[in-house]
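Chemist: Sharing a model prediction with you, sequence too.
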Amino acid sequence: MREKLLISTGGGDAPGLNAVIFAVVNSATRKGWEVYGSRAGYGGLLDRDDLIRLTPEDVEGILSLGGTILGSTNKGNPFAKPVENLAGEIQILDISDKILANFNRMGFFCHIAVGGDGSLEIAHRFALKGMPVIGVPKTIDNDLEATDRTFGFDTAVSTATDAIDKLHSTAKSHDRVMVVEVMGRDSGWIALYSGISGGADVILIPELPFSIDSVCDKISDNELHNKHYAIVVVAEGARVMDGEVISKGKGEIGREEVVLGGIGEWVANQIRLRLGKDTRSLVLGHLQRGGSPTTFDRLLALRYGAAAVRLAEAGTFDHMVAWVPPTMTAVPIADAIRNRKKVDLESDKVQTARDIGICLGD
């Protein structure tokens, strides 16, 4: 009997997901295994219509595609799934036992779970219940501490940098201040990389609470040097000194995580009020998740997928593939998701920003 392997993609989408699927399918097929994909996270283990057989022919040509051919969801936590009862009320149910039973009944020997810290936490909980799981890290935020880089990050940074490049010309034409809000949750990696590369005047990151006075001082200093416009890059999780993080409130039912957003408009309003400058804000949002993966992300995703199959063959379950240059290695999932990776304020990148005159708001 041929071994049967299951792969799922959960959480927010990221460029490179399809490259992981491509690598898993081709690597596993060469070992004589059958590969199945679960649509919308764990959907395939609830409804057979959401379970699809994947062959090398099925994944031909998907390397350059953004998104994921399996679909993804932020609402699929089997340990706390919102379900509407007959009375029209929303109940939070634990359906993990049903999913595990279906996994075993269908004869899978391994589940490769591709996702960020939330999806990997779910995978680890399934591992504790007896499901053989291997994690593949996926987040454009690059905030998983156990791995040097996550696929999707390079593409997101390239998208943000391209947007910043385009804003220079319109900002300069109208003597405007352009405030660009980028993703990143509680880490400033996207803001820092794109801000430095895009020639921003100000970069505000969660790791370094900022003073709006410092931001305005930098813009005023531009004026003294005959530069009448400015580019401000703000990470969505940035916050003012002694202030709270601005957010849109709680997320979906059953998820405790706060939905960030709004700090860019707040900063723009403050600049407008204090300096009287024509100031506009732009939220890049999900634009950063879309598009074809860069060469770097494509290759990294392929390496992750192939390494996950090698771990499956070795029986190294409840581990996540991690890139610790120059090699791919295995890290216990519990260790991998314990802490989020933050920008080191003493790093060369931060120092470079300061050396070339970028204000970090402190």
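Modeler: Good, I have the coordinates. Numbers count the residues shown, from 1 in each chain.
Chemist: M183 touches N142, doesn't it?
Modeler: No - applying Cβ atoms under 8 Å as the test, M183 and N142 come out as separate, 10.6 Å apart. Quick note: C-beta positions are derived from backbone N, CA and C, even for glycine.
Chemist: so what sits against both of those two?
Modeler: Both M183 and N142 are in contact with I190, where contact means Cβ atoms under 8 Å, 6 or more residues apart in numbering.
Chemist: can you pull the contacts of G135?
Modeler: Counted by Cβ under 8 Å, 6+ apart, G135 has contacts 112-115, 120, 123-124, 319-321, 333, 336.
Chemist: For stretch 219-239, output the C-alpha coordinates as CSV.
Modeler: C-alpha atoms of stretch 219-239 as CSV (Å, rounded to 0.1, in the frame of the first residue of the first chain):
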residue,chain,number,x,y,z
ILE,A,219,10.1,67.0,8.2
SER,A,220,10.9,70.6,9.3
ASP,A,221,14.6,69.9,8.9
ASN,A,222,13.8,68.8,5.3
GLU,A,223,12.4,72.2,4.6
LEU,A,224,15.6,73.9,5.9
HIS,A,225,17.5,71.8,3.3
ASN,A,226,15.2,72.8,0.5
LYS,A,227,13.4,69.5,0.5
HIS,A,228,9.7,70.3,0.7
TYR,A,229,8.3,66.8,0.7
ALA,A,230,8.8,63.7,2.9
ILE,A,231,8.1,60.0,2.9
VAL,A,232,7.1,58.4,6.2
VAL,A,233,6.9,54.6,6.5
VAL,A,234,4.8,53.3,9.4
ALA,A,235,4.5,49.7,10.5
GLU,A,236,0.9,48.8,11.4
GLY,A,237,2.0,47.9,15.0
ALA,A,238,4.0,51.1,15.7
ARG,A,239,2.9,53.1,18.7
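Chemist: What residues sit buried inside stretch 99-114?
Modeler: By 16 or more other Cβ atoms under 10 Å, the buried positions in stretch 99-114 come out as 99-100, 102-103, 108, 110-114.
Chemist: that older thread, what about the contacts of G135, which are in strands?
Modeler: 112-115, 319-321 (DSSP state E).
Chemist: Among these, name the least confidently predicted one.
Modeler: Ranked by pLDDT, the ones in strands among the contacts of G135 bottom out at G115 (92).
Chemist: biggest helix in this structure, by residue count?
Modeler: Counting by DSSP state H, the longest helix found in the chain is helix 153-174.
Chemist: Just give me how far it sits from the chain centre.
Modeler: The chain centroid and the centroid of helix 153-174 are separated by 20 Å under Cα atoms, centre = their mean, to the nearest Å.
Chemist: So for that helix, mean pLDDT?
Modeler: If you average the pLDDT over helix 153-174, you get 95.
Chemist: next structured bit after that helix?
Modeler: Note on helix 153-174: by DSSP states H and E, the next helix or strand toward the C-terminus is strand 177-182.
Chemist: what helices or strands is the next helix or strand after that following strand leaning on?
Modeler: Under the assignment DSSP H and E, the closest C-terminal helix or strand after strand 177-182 is helix 189-197. Applying 3 or more Cβ pairs under 8 Å, 6 or more residues apart in numbering; DSSP states H and E, we find helix 189-197 packed against helix 153-174, strand 177-182, strand 202-204, strand 230-235, helix 348-355.
Chemist: Name the residues that touch the third one?
Modeler: Outside of strand 202-204, the residues that reach it under the criterion Cβ under 8 Å, 6+ apart are 188, 191-192, 195-196, 210, 215, 218-219, 230-235, 238, 263, 267, 353, 358-361.
Chemist: quick one: low-confidence ranges for the stretch 201-350 of the chain?
Modeler: The stretch 201-350 of the chain contains residues with pLDDT under 70 at 248-258.
Chemist: Kindly recompute the last result at 50.
Modeler: For the stretch 201-350 of the chain, the stretches flagged by pLDDT under 50 are 253-255.
Chemist: which residues in it form strands?
Modeler: Ranges of strands within the stretch 201-350 of the chain are 202-204, 230-235, 247-250, 258-260, 279-283, 319-324, 327-332, based on DSSP state E, counting those that start in this stretch.
Chemist: From the chain's centroid, how far away is the first one?
Modeler: Relative to the mean C-alpha coordinate of its chain, strand 202-204 is positioned 20 Å out (Cα atoms, centre = their mean).
Chemist: ok, R272 touching S281?
Modeler: No - R272 is beyond contact range of S281, at 9.6 Å (criterion: Cβ under 8 Å).
Chemist: quick one, which of those two is more surrounded?
Modeler: A direct count of neighbours by other Cβ atoms under 10 Å for R272 and S281 places S281 higher, at 21 against 16.
Chemist: Dig out what the more buried one forms beta bridges with.
Modeler: V179 (DSSP bridges).
Chemist: I'd say it and G264 touch.
Modeler: Yes - contact criterion Cβ under 8 Å: S281 and G264 qualify, at 4.5 Å.
Chemist: Mind listing the shared neighbours of these two?
Modeler: 179-181.
Chemist: ok, and the most crowded of those?
Modeler: Highest neighbour count within these: V179, with 29 neighbours (other Cβ under 10 Å).
Chemist: wait, that one sits on I271?
Modeler: Yes - the criterion here is Cβ under 8 Å, and V179 meets it with I271 at 7.2 Å.
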